[in-house]
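Q: Model the following, please.
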Amino acid sequence: MGNLADRIEMHLKRIIEQSTEGFITLQRGILAEEFSCAPSQINYVLETRFSIDRGYLVESRRGGGGYLRIVRLSFSDDEEFQSIMKQLIGNQLTENRTNDLLQRLFEDEIVTRREEEIIKTILHRDSLGAENIKTNSLRAHIMKRILLTLGREDLH
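A: Presented below is the predicted three-dimensional model:
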């Protein structure tokens, strides 16, 4: 059934999906007990699997009455989507962040699995040259152009 991080991720995504509010609130310690792991393992999952690039906002308060709130970000219209994605991309985009963004676009059914893989291939370091600042700038520019195309009404 996969490793511990995968199981925690799937558990949290299932709870978020079932939530009518679009977010969940829980306690890190209780979740760690549930999975028989250290709270740092929960932190790892939150940092790597629930980032803004992947479409989540994590709010955290530590201490005795502390909590975790995981919010699934959604976009009500194309304009809002375009604006948020451009802010996330910025002027440079690493390959890892590209893959996170593409995973999110797939999960939100904005791109198909095939389109996701095509874009990954185009933006891969082997296609663009070595991973460096120029490559990251080029990748960001290309990704912004792809998003503009995805947002075109005449192509839907």
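
Q: make it CA atoms for all contacts and neighbour counts henceforth
A: Noted.

Q: what residue is smack in the middle of the chain?
A: Centroid-nearest residue in the chain: residue 54, 0.4 Å away (criterion: C-alpha atoms, centre = their mean).

Q: element containing residue 12, please.
A: helix 4-18 (DSSP states H and E).

Q: Using PDB, write out every CA atom in the helix or strand following that helix.
A: Later in the chain than helix 4-18, the nearest helix or strand by DSSP H and E is strand 23-26. C-alpha atoms of strand 23-26 as PDB (Å, rounded to 0.1, in the frame of the first residue of the first chain):
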ATOM      1  CA  PHE A  23     -10.700  22.400   4.100                       C
ATOM      2  CA  ILE A  24     -10.000  20.300   7.100                       C
ATOM      3  CA  THR A  25      -8.700  21.100  10.500                       C
ATOM      4  CA  LEU A  26      -6.900  18.600  12.600                       C
END
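
Q: before we move on, the earlier item: name the nearest residue to the residue nearest to the centre of the chain, ignoring sequence neighbours.
A: For residue 54, ignoring the flanking residues on the chain, the nearest one in space by C-alpha to C-alpha, 6 or more residues apart in numbering is residue 104 at 4.9 Å.

Q: What are the buried residues along stretch 137-148?
A: By neighbour count on 16 or more other C-alpha atoms under 10 Å, the buried set for stretch 137-148 is 137-144, 147.

Q: meant to ask about stretch 15-29, not that
A: 16, 23-24, 27-29.

Q: Need the residues that contact the helix or strand hosting residue 147.
A: Using DSSP H and E, residue 147 maps to helix 133-150. Applying C-alpha atoms under 8 Å, 6 or more residues apart in numbering, the contact partners of helix 133-150 are 82, 85-86, 89-95, 110, 123, 125, 128-129.

Q: What subset of those residues is buried?
A: Among the contacts of helix 133-150, the ones that count as buried by 16+ other C-alpha under 10 Å are 82, 85-86, 89, 92-95, 123, 125, 128.

Q: quick one, what contacts the nearest residue to residue 68 once chain neighbours are set aside?
A: The shortest distance from residue 68 to any residue other than its chain neighbours is 4.6 Å, reached at residue 60 (C-alpha to C-alpha, 6+ apart). Applying C-alpha under 8 Å, 6+ apart, we find residue 60 in contact with 66-69.
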